[in-house]
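A.B. asks: whatever this is, show me its structure:
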Amino acid sequence: MHCFVYASQRKPDTYVWLTRREGFDVLPEPLVLLLGELSFVLEVELTPQRRLPHDDSERVLANLAGQGWHMQTPPNETLSVCNQPNHNREIDPDQIVVRA
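C.D. replies: Below is the predicted model:
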């Protein structure tokens, strides 16, 4: 399958694989807002036998065939709020102080 890979300018080491060049219309709006601007990185012919450094090619191909896109995040990370720098802080409602 012919693929086009774009890097998120907002989320380091996060990539979006598409089946069409600049085919961003298939991406869910919340994902587009989260990732910010996407920059073209790579055009590649992906086969099940091709080894990828940080993802499984069969999983990428399945997502591309099923939904037209695949998102690759850094190993052991997700794009949830818990990855934000202040995720473990508590706010004391009686004080305007943030505690770590």
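
A.B. asks: give the contact list for residue 70.
C.D. replies: By Cβ atoms under 8 Å, 6 or more residues apart in numbering, residue 70 lies in contact with 16, 17, 55, 59, 60, 63, 64. Where you see a C-beta, it was placed from the backbone N, CA and C, and this is true even at glycine.

A.B. asks: which of the three states applies to the fourth one?
C.D. replies: Secondary structure of residue 59, reduced to three states by DSSP: H, G, I helix; E, B strand; the rest coil: helix.

A.B. asks: excluding chain neighbours, what is closest to it?
C.D. replies: Spatial nearest neighbour of residue 59, chain neighbours left out: residue 70 (7.6 Å); criterion: Cβ to Cβ, 6 or more residues apart in numbering.

A.B. asks: so, low pLDDT: which residues of this structure?
C.D. replies: The chain contains residues with pLDDT under 70 at 76-100.

A.B. asks: and the helices in the chain, which stretches?
C.D. replies: 29-35, 57-67 (DSSP state H).
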